[in-house]
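Novice: no sequence on hand, only this structure:
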């Protein structure tokens, strides 16, 4: 047998022949492709003469052979075959749909054919009268192909298909049952409750036949039907998962947890603990996507993990974080925040945690995130009390600005500035201005808590608004004054006063007296109910009084009673605001408030003095350590200088001895080398070994050169013995 290579460029297929000599032959694969191209060209002229089944044979053969065809030929096939679909059987219709999905073409190219919509319309028109005769298997395959092609029929058509397959569910195995529900889920179709009851009953009966992949895919499909899923069915389903847990792979179990997290189902502590124990020893072998998915699913299921589980997750994912994408990054940080993980201080686990956070921040710079993902990551950092790397925060903010604030989740926009501040990031004026414009765009959809929170964030950032912005925001807020709780009203009064004080004096007419009066009553009227904390008590009084509202004696008495219930323990900032409000209202400041404020100042002074003393002690200790290090360095430098001087002196003495050796030579010729040997030996290692060896070799060569050629053998013998002694 000899190997014959095809002459076609790019072909590396080989064939074995029974010839005993080399010969060039075309390979079967290239010959087949050439034949197919010729057949497809020839078939274009014959399509008008073909019957319906012949169209099916052609497209099915191309799909079976994984042959590549161009869009023009497929468009011609769709245009000619759509008139022959009415004469096909249900099995042939299913074969056509499956063949379109299995062609060696992108599904987008298939959908891009001009004749595709008309072909699909005729296809469904031919299918509907044949639904009663179609098998459940063929119907399932057709639905799967519709989902793959991204073609969604009308709800009436899907309802007719569901009714037809409902009576034939018993003929489907576990794989096709899962495929059926997955197709409905992909088509965004929720069957009628009667169908779902029959379907759940069939699935429940065949649960023992489901393997881990079937269970995972089924639950992912069911998660889209959350409105039609009962707790009883989920309980039985998860019991089957627990019974087959040893056979579950990490991807399958992660998919189950993901589906449970998406529907917000809490399976119970015992089930989640069993799953976490199964996962713990397998996390290090999984890729970062499945680690993130499984961890997020457990967190959404309400699981409180053991520290060992989180440590294993951190160790298993730390070296793989560079392979995660934006979705994995969000799930990891959300899961850890949901767990409320905080490593023990000063332990090896804390070092692992810091290393993990460092690698996580570094990986964030390698991919783009959508605005909602940026907000989720920043919120996760804030909940974990982690100060991310400044470069990572800059990257996140750039992604947020590039994606547009308006595309972030509305519920997260108001607290975005607060989250950035907690991440130790100070946004610039342009960022704050863009944030304010975004708040204006979504203000009508924000709740009272979100409005008050966003206004407070802008006040903290010293935002100076434009007149149109302020008019719009104040109008939206005023229209919903009744929705504000006393705490939210106090926060709004404080923030509005702070923002309006930054306006030029010519525009100091904002807000209106009506606005101030309505919000002030919302605050002062609720004080007797005792629903305000110390911070809101001081800020609300300051905001309302500074904007022109003058409370009556009864309102001040109620305020003092509420402060007395708190033992007048207002924090430093709210306490200062309350004293300023009393003075602006020209009322006598309560002595208890002044005393507590003085105590706060004294405590702050003591704390400040202690911090200063600690800093001075630290500086003194650092100075002492520096002086000690300098003394050690000076002593070391002196020792080095002395050593270098001694070495130089010894080398000079050696050189002098070598220079004087010819004059001191005796008849035996051994005195000079012996003297040099004794001198070098007396150095006792204070010079380098290399220097001693070189000097010793030079002395030997010099002594040997000094022997006269005509010396007697005895003299030569004595000289040799002297050299050997040296």
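Specialist: Looks like it came in fine. Treat the numbers as computed from the prediction; the structure is a model and nothing was measured.

Novice: neighbours of residue 182, how many?
Specialist: Other residues within reach of residue 182 by the criterion other Cβ atoms under 10 Å amount to 20. Bear in mind the C-beta positions are built from the backbone N, C-alpha and C, glycine included.

Novice: quick check: it touching residue 219?
Specialist: No. With contacts counted by Cβ atoms under 8 Å, residue 182 stays clear of residue 219, the gap being 10.7 Å.

Novice: which residues touch the nearest residue to residue 172 once chain neighbours are set aside?
Specialist: If the residues on either side of it in the chain are set aside, residue 172 comes closest to residue 136, at 5.2 Å by Cβ to Cβ, 6 or more residues apart in numbering. Contacts for residue 136 were tallied using Cβ atoms under 8 Å, 6 or more residues apart in numbering; they are 165, 168, 169, 171, 172, 176.

Novice: residue 143 versus the residue nearest to the second one when sequence neighbours are not counted, what's the distance?
Specialist: Distance criterion Cβ to Cβ, 6+ apart; nearest residue to residue 168, sequence neighbours excluded, is residue 136 at 3.7 Å. Distance from residue 136 to residue 143, counting by Cβ to Cβ, to the nearest Å: 10 Å.

Novice: what does residue 38 give?
Specialist: Between residue 38 and residue 143 the computed distance is 36 Å (Cβ to Cβ).

Novice: what about residue 94, which SS state?
Specialist: What DSSP: H, G, I helix; E, B strand; the rest coil gives for residue 94 is helix.

Novice: what are the phi and psi angles of residue 418?
Specialist: phi -60, psi -40 (degrees, to the nearest 10).

Novice: scratch that, residue 39 is what I was asking about
Specialist: With angles defined as degrees, to the nearest 10, residue 39 sits at phi -70, psi -40.

Novice: what residues are up against the residue sitting nearest the centre point of the chain?
Specialist: For the chain, residue 329 is the residue whose C-alpha lies nearest the centre (Cα atoms, centre = their mean; 1.1 Å). Residues near residue 329 by Cβ under 8 Å, 6+ apart: 292, 360, 363, 364, 367, 369, 373, 377.

Novice: was I right about the first one contacting residue 332?
Specialist: Yes. Assessed by Cβ under 8 Å, residue 292 is found in contact with residue 332 at 4.8 Å.

Novice: now the common contact residues for the two.
Specialist: Where contact means Cβ under 8 Å, 6+ apart, the residues bridging residue 292 and residue 332 through contact with each are 317, 324.

Novice: where do the strands sit along the stretch 551-700 of the chain?
Specialist: In the stretch 551-700 of the chain, no strands are found when defined by DSSP state E, counting those that start in this stretch.

Novice: show me where it has helices.
Specialist: Under the criterion DSSP state H, counting those that start in this stretch, helices of the stretch 551-700 of the chain are mapped to 553-565, 572-584, 591-660, 671-681, 689-705.

Novice: hey, which of the ones you listed is tucked in deepest?
Specialist: helix 572-584 (a mean of 19; mean count of other Cβ atoms under 10 Å).

Novice: what's the angle between that helix and helix 553-565?
Specialist: Between the direction of helix 572-584 and that of helix 553-565, the angle (axes from the mean of the first three to the mean of the last three Cα atoms, to 10 degrees) works out to 150 degrees.

Novice: enumerate every residue touching the spatially closest residue to residue 546 that is not a sequence neighbour.
Specialist: Take residue 546 and drop its neighbours on the chain: the residue closest to it by Cβ to Cβ, 6+ apart is residue 497, 5.0 Å away. With contacts defined as Cβ under 8 Å, 6+ apart, the neighbours of residue 497 are 542, 543, 546, 547.
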